[in-house]
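In: kindly generate the corresponding structure for this input.
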Amino acid sequence: MNILVTGAAGFIGSALSLRLLADGHKVIGIDNFNDYYDVNLKRARVARALALDAFTLYEIDVADKPAVMDVFKRESIDRVMHLAAQAGVRYSLDNPSAYIDANMHGFLNILEACRDYPVEHLVYASTSSVYGANQTMPFSEHVGTNHPVSLYAATKKANELMAHAYAHLFQVPVTGLRFFTVYGPWGRPDMALFKFTQKILAGEPIDVYGYGEQSRDFTYIDDIVEGIVRTLANPAQASDSWDAKQPDPSLAGAPYRIYNIGSNSPQPLMRYIEVLEDCLGVEAQKNMLPMQLGDVKDTYADVSNLIADVGYKPDTSIDVGVKRFVEWYQNFYKI
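Out: Here you go, the predicted structure:
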């Protein structure tokens, strides 16, 4: 099967590409290698896939419609995993236009390409950030997400709405995956685990926001990849039970679905830090700071729909996942 992975040099995209290649698929990757964080890390990630004959890389921007359309014209694409996006809640406060270009225009181009060159299934990355000001735990796909607290979250919510429109109008089978705090080897340098590790090893204090009182549904990268693979293989279908008078936002009368992918086991931020300290053998110096603008206090994924429909529940503990990250970090940076 020919599978397109956008954001193929990213944290999730590179891991997914390797898994799909190992499963015997041909993978067509797209990435623009922007400098939001270390491009050398992105190059190192994707080099692992480039060493394999079944991987093809296009260095283009998904916001460039002619370039995207050319890829779909050249390649006979069966399924799509759209991961290319401008990530990060805090960066969206200072660079909002980057989120409109990548997350809105880029996704529109993918939708248009899937409309013009029909695929069996389009899966795209959403985020737990869409739950925003909602504090009903655990977060359920059956509950509305109309109160985003960052522009990043708003663009991802917009992606979900755009996806529904294309499923309804053009019968594009489309599924959104709301990822919950992904971590692990080859992770993003702007994420807490990466930052904490860098600073602790450098003997510098770490900034702990929310005075350490936040909790997150930390989800290990291999669990995310497994969830994606199973979802790709289960194309969205119109729901016979969807009721327009009592609409469920997680499904539709069109081929459209939304799933949470999280560990279903939220952990206090301070526990996460404790595990990291144990793995490094160093106690961190901590700057306890108030919660940042655009952030949320807690996240907690209800994954019952994922279990019911694709038969999977993430299960890697932070003790295991953080240890694997530290081992990778020390090996990659030769520490």
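In: how close does Phe11 get to Arg45?
Out: Per C-beta to C-beta, to the nearest Å, Phe11 is found 8 Å from Arg45. C-beta: built from backbone N, CA, C; applies to glycine.
In: in this structure, which spans are strands?
Out: 2-6, 26-30, 55-58, 79-82, 121-127, 174-179, 182-183, 206-208, 215-216, 219-220, 256-261, 267-268, 286-288 (DSSP state E).
In: and those strands as a markdown table, adding mean pLDDT, distance to Ala49 and mean neighbour count?
Out: Output for the strands of the chain, formatted as a markdown table (pLDDT from 0 to 100; distance: least, C-beta to C-beta, whole Å; neighbours: other C-beta atoms under 10 Å):
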| stretch | mean pLDDT | distance to Ala49 | mean neighbour count |
| --- | --- | --- | --- |
| strand 2-6 | 98 | 9 | 25 |
| strand 26-30 | 98 | 7 | 24 |
| strand 55-58 | 98 | 4 | 19 |
| strand 79-82 | 98 | 14 | 26 |
| strand 121-127 | 98 | 18 | 25 |
| strand 174-179 | 98 | 21 | 26 |
| strand 182-183 | 98 | 19 | 24 |
| strand 206-208 | 96 | 32 | 17 |
| strand 215-216 | 96 | 29 | 22 |
| strand 219-220 | 98 | 20 | 26 |
| strand 256-261 | 98 | 22 | 27 |
| strand 267-268 | 96 | 31 | 16 |
| strand 286-288 | 95 | 38 | 13 |
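In: pipe those strands into JSON lines and attach distance to Gly294 per row.
Out: JSON lines is the format used below for these (distance: least, C-beta to C-beta, whole Å):
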{"stretch": "strand 2-6", "distance to Gly294": "25"}
{"stretch": "strand 26-30", "distance to Gly294": "28"}
{"stretch": "strand 55-58", "distance to Gly294": "32"}
{"stretch": "strand 79-82", "distance to Gly294": "23"}
{"stretch": "strand 121-127", "distance to Gly294": "12"}
{"stretch": "strand 174-179", "distance to Gly294": "17"}
{"stretch": "strand 182-183", "distance to Gly294": "18"}
{"stretch": "strand 206-208", "distance to Gly294": "15"}
{"stretch": "strand 215-216", "distance to Gly294": "15"}
{"stretch": "strand 219-220", "distance to Gly294": "20"}
{"stretch": "strand 256-261", "distance to Gly294": "20"}
{"stretch": "strand 267-268", "distance to Gly294": "21"}
{"stretch": "strand 286-288", "distance to Gly294": "19"}
